[in-house]
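> the following comprises the amino acid sequence and a computationally predicted model.
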Amino acid sequence: MSWFSRRRKTEPAIGLSVENPEVSILSDRGCRRPVNEDSGRVVNAAAAGAPGRGLLVIIADGMGGYEGGEVASRLATDTVAKTYPTAQGTPGEALEESFRQAHKTIFKMAAENDELRGMGSTCTALAIVGQEAWAAHVGDSRLYLLRGREIYQLSEDHSAIMEMVRQGLLTQEEADHHEDRNILLRAMGTQPDLTMMKWARPMDVKSGDAFVLCSDGLHNLVSDSEVLAVAGNTPPKEACRKLVQMAKERGGHDNITVAVVAMHPESRLEALKETRQAEVVP
């Protein structure tokens, strides 16, 4: 395995503990794509001098061709990671502001560069501050909550097919196998205005909870029940590896990114420095 950063240098694995959460993130270009257009970031905003901002986990899935998609997803994660810790208001308001800044950055760069025209990105972000969780989301990457022996999808796919499901025109089973299921209605950078999902109030986090963030390269090939079975019974680092491997064994036709955040009753307090790296298999 190799490790991905701007400089493509070797780094230690992401999978450290911070306060209660243990978090790991893994990104893989899959079996068919020549480059990875996904991006992932973990930021310990509290350790970086923003104690009211806690732990931030971000994943993004770029679109717009090999170069455009990679640029868009990287701009999404970089801008959200940079803006969130110092934005004003509640953590939810800070997430909203960071998403709007990322959207503006991607839209502006696409407008100014012909080779990047039309690029955009999904983005899903989870902030855990003490015993509260906040989220923001756009596109068809996903955020799940694992609680007890159940899994709950906390995000909504902003796709044309899921809109047909909401209107009663398709069943969920038909949507899961529809050839147009990846056509998005919302994404960062593709339209002048951004419409996102955001939480007005936080969700209480319980001991033993886990969160999973993933791109469609995972959830198109690995079922919710399988995500629950793996991430609900395996430490985050190993869970990420197992889930990515499952997707690759089933064809791995898209880039695959997954992050697992586990809330432990007792954890060693370790400093998790802000990182720009996400694990990648070339």
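Nice, I can see it.

> contacts, neighbours, all on C-alpha from now
Will do.

> look at Lys82 and give its secondary structure.
What DSSP: H, G, I helix; E, B strand; the rest coil gives for Lys82 is helix.

> tally of neighbours for it?
Residues near Lys82, counting by other Cα atoms under 10 Å, number 15.

> surely Gly208 touches Ala262?
Yes: here Gly208 lies in contact with Ala262, judged by Cα atoms under 8 Å, at a distance of 7.0 Å.

> please say which of those two ends up with more neighbours.
Ala262 (23 against 14).

> surely Val138 touches Met197?
Yes: with contact defined as Cα under 8 Å, Val138 reaches Met197; the gap is 6.2 Å.

> of those two, who's got more company?
Neighbours around Val138 and Met197, counted as other Cα under 10 Å, are more numerous at Val138. The numbers are 28 against 16.

> okay, and the beta partners of the more buried one?
Per DSSP bridges, the residues bridged to Val138 are Cys123.

> residue contacts, it?
Applying Cα atoms under 8 Å, 6 or more residues apart in numbering to Val138 gives the contacts 122-124, 157-158, 186-188, 195-197.

> give me the lowest-pLDDT entry from the residues you listed.
Ranked by pLDDT, the contacts of Val138 bottom out at His158 (70).

> nearest residue to that one in space, please, no chain neighbours.
Once flanking residues are discounted, His158 sits nearest to Gly139: 4.9 Å by Cα to Cα, 6 or more residues apart in numbering.

> equivalent analysis for Ala127, please.
Once flanking residues are discounted, Ala127 sits nearest to Leu56: 4.5 Å by Cα to Cα, 6+ apart.

> show me what that neighbour bridges to in the sheet.
Taking DSSP bridges, one obtains Val43, Ala127 as the residues bridged to Leu56.

> separation between it and Leu95?
Counting by Cα to Cα, to the nearest Å, the gap between Leu56 and Leu95 amounts to 10 Å.

> where exactly do the helices run in the stretch 51-200 of the chain?
Taking DSSP state H, counting those that start in this stretch to define them, one finds helices in the stretch 51-200 of the chain at 65-83, 91-112, 160-166, 172-176.

> out of the ones you listed, nearest to Gly148?
helix 172-176 (24.2 Å; Cα to Cα).

> okay, now the unreliable bits of this structure?
For the chain, the stretches with pLDDT under 70 are 1-20, 66, 159-184, 265-282.

> dead centre of it: give me the residue that sits there.
For the chain, the residue nearest the mean C-alpha position is Ile59 (2.5 Å; Cα atoms, centre = their mean).

> mind listing what it touches?
Shown in contact with Ile59 (Cα under 8 Å, 6+ apart): 38-41, 77, 123-125, 141, 213-215, 257-259.

> at 10 Å what do you get?
25, 27, 38-42, 73-74, 76-77, 121-126, 137, 141-143, 213-215, 257-259, 278 (Cα atoms under 10 Å, 6 or more residues apart in numbering).

> ok, now Glu132?
Glu132 is in contact with 54, 91, 201-206, counting by Cα under 10 Å, 6+ apart.

> much appreciated, bye for now.
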